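Visitor: I need the structure of the sequence given here:
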Amino acid sequence: MEPNANFSLAYSILDLLGSPVQNQLVGLPILLTIIIVFCCYFIYYIVFAVEKPLLACREGPWRDFLTENIPVIQERFWPTLWCVDGRLQTIFAHAVRPRLPKVCYQRETLSLKDGGILSLDWISKPKRKNQPILLVLPGLTGSSQTEYVKCYFHNLKNLDFCGVVFNHRGMGKTELKTPRTFCGANSDDLEEALEHIRSCYPEAPIVANGTSLGGMVLGNYLVKQGEAASRYLAAAIVFSVPWNLFVAMESLETPVLNLVINKTLTGALTRLFYSFKTQLEGDCYPWKYDHLMKSKTLRDFDERFTSLNFGFLSAEEYYKAASLDDQLHKIRVPFLCLTAADDPFLPEKGIPVDRANQSSHVALLVTSRGGHVGFLEGLFPYWTSYGDRLLNQYLRTVYSNLDKIEKIRAEGNQFAQGST
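Guide: Modelled structure (predicted):
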């Protein structure tokens, strides 16, 4: 065929495709394909993504109290239709949560025994002696102005309570006064903060909430204190805790998306610690600051700094001390934990379901989806997540049933004594 004939044929085909009838004939298979794909995805979503959470808790008063008083536990969790993967939930939770304006807190600076300081940011201080207090512990790089913390308070504004955020050393624009920072295995700073709050408000019931690293700190405090923790806390609730740090790091070092999350968080940490250069640089410390700043993963960071900062010989020793999965039996305060089976920070195999079923005071709520501090639901997850709704209902029912919570705690103690 001659070249001119080729062009003529091409133009003839284009003319044909440009006719309305042909457009309909060509578009129909495409539209049909889209409909089929969407239907298949929707079936997958309904069958495999939408599930009622698993409640791991021994049969008894604590389990009965939760199932009877917290409706969200009995509901199916509908993760955001276009964001069901745990890694996407983790990423988009940070991106799509509303950029709420900065919260106006009343800052209280607490001087610690070793010369360090931390900030307690109050939404409001108690106006009566028995007004409940919610103490919030943010995650690794979080503070009182972190998006999910502001979302907590936005969704709790109708509750009659006082909220206060525990900013870890150096966080929330708090000056780092000493070389000591914070880690998941050490709860000394939390212990001092609770003693201070209790001394100021001796009759106020306190419930603590911890997210990720904050949940580890809170969990280790409860493990360390045992029954003594009930002098300060009526109950506790945590979100997205990496129960076993060995399993967590193995998961976070898996290519590709998990490793990207790992490196991104490590980059945020090194940028944060760049602002601590004056306090952390020097030959007198067991760590090397320049070496620390070259960390590429969280394991690097923990090996080069966190473990040494808190007297551990290695990251492995630190991970063993910080992991909570085999310590649940030591907790003596009613304790609810929300975690997702697809959390990239801790896969399903690392969630201590069996131990929660045997624990005296621990209830573990496991959603099939949700990622790490995600739990996005609804088509446009703007204001409220599944975790926000759970926290709201949990606080509402705990604060209004303090006498019953105390009886549940006492029953748990009797069970723990009988099982030892």
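
Visitor: Check residue 34 and give its pLDDT.
Guide: Listed pLDDT for residue 34 reads 89.

Visitor: Check residue 348 too.
Guide: If you check residue 348, the pLDDT there is 94.

Visitor: Name the nearest residue to residue 286, ignoring sequence neighbours.
Guide: residue 308 (4.5 Å; CB to CB, 6 or more residues apart in numbering). In short, each C-beta sits where N, CA and C put it, glycine included.

Visitor: before we move on, what SS does that neighbour have?
Guide: Following DSSP: H, G, I helix; E, B strand; the rest coil, we place residue 308 in the helix state.

Visitor: Neighbours of it, how many?
Guide: If you count neighbours by other CB atoms under 10 Å, residue 308 ends up with 19.

Visitor: I'd like to know which elements the helix or strand harbouring residue 196 is packed against.
Guide: Under the criterion of DSSP states H and E, residue 196 resides in helix 188-200. Packed against helix 188-200 by the contact rule (3 or more CB pairs under 8 Å, 6 or more residues apart in numbering; DSSP states H and E) you find strand 106-111, strand 117-122, strand 133-137, strand 162-167, strand 206-211, helix 213-225.

Visitor: quick one, strands of the stretch 201-350 of the chain?
Guide: Remark: strands assigned in the stretch 201-350 of the chain by DSSP state E, counting those that start in this stretch are 206-211, 235-239, 335-340.

Visitor: Those strands into JSON lines, with extra columns for mean pLDDT, mean neighbour count and distance to residue 408?
Guide: Putting these into JSON lines (pLDDT from 0 to 100; neighbours: other CB atoms under 10 Å; distance: least, CB to CB, whole Å) gives the following:
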{"stretch": "strand 206-211", "mean pLDDT": "98", "mean neighbour count": "26", "distance to residue 408": "14"}
{"stretch": "strand 235-239", "mean pLDDT": "98", "mean neighbour count": "27", "distance to residue 408": "9"}
{"stretch": "strand 335-340", "mean pLDDT": "98", "mean neighbour count": "28", "distance to residue 408": "11"}
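
Visitor: Redo these as TSV? Include distance to residue 106.
Guide: TSV is the format used below for those (distance: least, CB to CB, whole Å):
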stretch	distance to residue 106
strand 206-211	17
strand 235-239	24
strand 335-340	28
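
Visitor: list the contacts for residue 169?
Guide: 116-118, 176-178, 180-182, 189 (CB atoms under 8 Å, 6 or more residues apart in numbering).

Visitor: ok so, going back, what's the spacing between the residue nearest to residue 286 and residue 301?
Guide: Distance, residue 308 to residue 301, using CB to CB, to the nearest Å: 11 Å.

Visitor: Give me the buried entries from the contacts of residue 169.
Guide: 116-118, 176-177, 180-182, 189 (16 or more other CB atoms under 10 Å).

Visitor: which residues of the stretch 151-300 of the chain score low on pLDDT?
Guide: In the predicted model, the stretch 151-300 of the chain carries no residue with pLDDT under 70.

Visitor: Now do the helices in the stretch 251-400 of the chain.
Guide: In the stretch 251-400 of the chain, the segments counted as helices under DSSP state H, counting those that start in this stretch are 257-274, 277-280, 289-292, 298-301, 307-309, 315-322, 353-358, 386-399.

Visitor: In TSV, list those helices along with distance to residue 223.
Guide: Output for the helices of the stretch 251-400 of the chain, formatted as TSV (distance: least, CB to CB, whole Å):
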stretch	distance to residue 223
helix 257-274	25
helix 277-280	28
helix 289-292	28
helix 298-301	22
helix 307-309	19
helix 315-322	11
helix 353-358	12
helix 386-399	21
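
Visitor: For residue 209, find the nearest of those.
Guide: Among these, the nearest to residue 209 by CB to CB is helix 386-399 (6.5 Å).

Visitor: With just CA atoms, put the helix holding residue 196 into CSV.
Guide: This file holds the C-alpha atoms of helix 188-200, laid out as CSV (Å, rounded to 0.1, in the frame of the first residue of the first chain):
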residue,chain,number,x,y,z
ASP,A,188,10.0,7.3,84.9
ASP,A,189,8.9,10.6,83.4
LEU,A,190,5.3,9.4,83.3
GLU,A,191,5.5,8.3,86.9
GLU,A,192,6.6,11.8,88.0
ALA,A,193,3.9,13.4,85.9
LEU,A,194,1.2,11.3,87.4
GLU,A,195,2.5,11.9,90.9
HIS,A,196,2.3,15.7,90.2
ILE,A,197,-1.2,15.6,88.7
ARG,A,198,-2.4,13.4,91.6
SER,A,199,-0.9,15.8,94.2
CYS,A,200,-2.7,18.7,92.6
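
Visitor: Mind listing residues that contact that helix?
Guide: Contacts of helix 188-200 (CB under 8 Å, 6+ apart): 110, 112-113, 116, 118, 120, 133, 135, 137, 164, 166, 168-169, 182, 204, 206, 217-218, 221, 225, 231-233.

Visitor: Straight-line length of stretch 349-358, end to end?
Guide: 17 Å (CA to CA, to the nearest Å).

Visitor: which parts of it are buried?
Guide: So, applying 16+ other CB under 10 Å, buried residues of stretch 349-358: 350-353, 355-357.

Visitor: Which residues outside it are in contact with it?
Guide: So stretch 349-358 is contacted by 54, 56-58, 242-244, 247-248, 251, 324-326, 328-329, 337, 339, 341, 362-364, 366, 419 (CB under 8 Å, 6+ apart).

Visitor: With that, I have no additional questions.
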